[in-house]
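Trainee: Could you work out the structure for the sequence below:
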Amino acid sequence: MFGNLETLPADPILGVTAAFRRDTAPDKVDLGVGVYRDDLGNTPVPSAIREAERELLAAQTSKTYVGPAGNVEFNERIVALALGPLAASLRERTATIQTVGGCGALRIGAELIRASNPRAVVHVSDPTWANHEPLVGSSGLTLQRYPYYDLATRQVAFEPMMEQLERLPAEAVVLLHGCCHNPTGVDLSPTQWVIVAETLARRGLVPFVDLAYQGFGDDLEADVAGLRIVAERVPQFLLAVSCSKNFGVYRERTGVLAIVAESPAVATAIATHQARTARRMYSMPPDHGAAVVARLLADERLRAIWESELRDMVARMKLLRALLAERLQARRPDHDFSWLTRQRGMFSLLGIDPTAIAELRDRHHVYVPPDGRINIAGVSEVNVERVADSIVGVMGS
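Mentor: Predicted coordinates:
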């Protein structure tokens, strides 16, 4: 039956990790996969999550199914974390389902868009996260790109972006990164968010916000300012949330899809389709990660500990950005690397070609994905000199 299947090329990001693991060089550096790392190169479990997990296991009396919608308390608390005071005012118009990570939220959202309008087109930023197009496009929806990043200035290509949005027909879907844009690390300013939101509302466009890094850019509130600007101005939107990074529950695959509809009646209908779509794809979501996160957010003491740990992670990433920029600047004073310190989150684009990326891997044993994205959290005080030497070594003139 399966003899006609051909071996597929490796995933553009996961393939980098696999190649890194095969490399026997003692000083190899992985700047590929998007996970936070500490000074020792480990991806730690936050202590607040550990404590919430211990409490959950001690109190748990059953592991029966939770239902297709998942952990209701978790759903409510995550939406409140993202939308703040708006969550209460939008509650009757909001349909929420726990998903298998942020990826599951994106895919279920795409399936619902297709069920409602098979001809809908989803517009994603250029560039965007490597998995956005496979996840959303595999639903059968058509995808197109809108300008987002200007490599020459290392800033948002805002005028071309807005020119493109102004040309889109009503009900076109616009996929936006809530914060810490992946792969560029360049976010819209508050003023730009207002302009985008008002354009979406005026032209009847439907925003689909991917919020994978709340708290990883500046802080929990600042990172969702853009999302809330959109939520205040548009009548309907989709929100995909991942808990992998900010809660450190990567392998638990914990996420949420919230859809704010034009009316409570429409939200009720959407909820039935969310449940049916999940039922047909994987039936029930895993509960452990959601239950742990819900317990943490319900406990003021644990939440305070978690927020402190999150602030420490953000401070470390900003420090590493400054450190790498300083080392690169010292080696190439004819270039400006200050853009590294202006960007937010874990990622930045080096802006080097495939030949240089291959040279980084083969000659310097520094691993980055094919688009030249680097994970800032993979840099450390131990390897920053090697990383800077390697990047400068492949930059050319």
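Trainee: alpha carbons only for contacts and neighbour counts from here, please
Mentor: OK.
Trainee: contacting residues around the residue in the chain sticking out farthest from the centre?
Mentor: Ranked by distance from the centre of the chain (CA atoms, centre = their mean), the top residue is residue 1, with 37.2 Å. Counting by CA atoms under 8 Å, 6 or more residues apart in numbering, residue 1 touches no other residue.
Trainee: what do you get for residue 49?
Mentor: Residue 49 neighbours (CA under 8 Å, 6+ apart): 247-248, 292-293, 296, 306.
Trainee: And residue 127, by the same measure?
Mentor: 147-149, 183-184.
Trainee: Need the per-residue pLDDT for residue 298.
Mentor: Predicted confidence (pLDDT) for residue 298: 98.
Trainee: ditto for residue 396
Mentor: For residue 396, the predicted pLDDT is 76.
Trainee: ok, residue 212 - how many residues close by?
Mentor: Neighbour count for residue 212, taken as other CA atoms under 10 Å: 24.
Trainee: From here on, call the first residue 409.
Mentor: Will do, 409 is the new start, and the previous item becomes residue 620.
Trainee: If you rank the contacts of residue 535 by neighbours, which is first?
Mentor: Going by other CA under 10 Å, residue 592 tops those with 31 neighbours.
Trainee: wait, is it part of a strand?
Mentor: No - counting by DSSP: H, G, I helix; E, B strand; the rest coil, residue 592 is not found in a strand; it is coil.
Trainee: Okay, now the unreliable bits of this protein?
Mentor: Along the chain, the parts satisfying pLDDT under 70 run over 805.
Trainee: rerun that using 80 as the cut-off
Mentor: 804-805 (pLDDT under 80).
Trainee: How about residue 637: what's its closest non-neighbour residue?
Mentor: residue 602 (6.3 Å; CA to CA, 6 or more residues apart in numbering).
Trainee: where do the helices sit along the stretch 459-608 of the chain?
Mentor: Per DSSP state H, counting those that start in this stretch, the stretch 459-608 of the chain carries helices over the ranges 480-491, 494-498, 509-524, 540-545, 566-575, 598-611.
Trainee: Could you say which of the ones you listed is packed most deeply?
Mentor: helix 509-524 (a mean of 22; mean count of other CA atoms under 10 Å).
Trainee: elements contacting that one?
Mentor: Counting contacts by 3 or more CA pairs under 8 Å, 6 or more residues apart in numbering; DSSP states H and E, helix 509-524 packs against helix 540-545, strand 645-650, strand 662-668, helix 672-689.
Trainee: Please name the residues that touch residue 736.
Mentor: 745, 796-797, 800.
Trainee: Tabulate those residues in a markdown table, adding columns for distance to residue 524 and neighbour count.
Mentor: Formatted as a markdown table, those follow (distance: CA to CA, whole Å; neighbours: other CA atoms under 10 Å):
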| residue | distance to residue 524 | neighbour count |
| --- | --- | --- |
| 745 | 46 | 20 |
| 796 | 49 | 21 |
| 797 | 52 | 14 |
| 800 | 50 | 17 |
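Trainee: among the residues you listed, which two are most distant?
Mentor: Across the contacts of residue 736, the longest distance by CA to CA is 14.1 Å; it joins 745 and 797.
Trainee: Select, out of the helices and strands packed on helix 509-524, the one closest to residue 571.
Mentor: strand 645-650 (21.1 Å).
Trainee: longest helix of this protein?
Mentor: helix 708-739 (DSSP state H).
Trainee: List the buried residues in that one.
Mentor: 710-711, 713-715, 717-719, 721-722, 724-726, 728-737 (16 or more other CA atoms under 10 Å).
Trainee: got it, and stretch 679-690?
Mentor: Buried, per 16+ other CA under 10 Å, within stretch 679-690: 679, 681-683, 685-686.
Trainee: before we move on, the earlier item: residue 425: which of the contacts of residue 736 is nearest?
Mentor: residue 796 (20.3 Å).
Trainee: The closest one and residue 732 touch, don't they?
Mentor: Yes - applying CA atoms under 8 Å, one finds residue 796 in contact with residue 732, separated by 6.8 Å.
Trainee: quick revisit: in a markdown table, list the buried residues of stretch 679-690 along with distance to residue 469.
Mentor: Below are the buried residues of stretch 679-690 laid out as a markdown table (distance: CA to CA, whole Å):
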| residue | distance to residue 469 |
| --- | --- |
| 679 | 28 |
| 681 | 31 |
| 682 | 28 |
| 683 | 25 |
| 685 | 29 |
| 686 | 25 |
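Trainee: can you list the helices of the stretch 459-608 of the chain in CSV and add distance to residue 473?
Mentor: Formatted as CSV, the helices of the stretch 459-608 of the chain follow (distance: least, CA to CA, whole Å):
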stretch, distance to residue 473
helix 480-491, 13
helix 494-498, 27
helix 509-524, 18
helix 540-545, 26
helix 566-575, 43
helix 598-611, 39
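Trainee: right, so of these, which gets closest to residue 423?
Mentor: When the helices of the stretch 459-608 of the chain are ranked by proximity to residue 423 (CA to CA), helix 540-545 comes first, at 15.5 Å.
Trainee: Quick one: distance of that closest one to the chain centre.
Mentor: 13 Å (CA atoms, centre = their mean, to the nearest Å).
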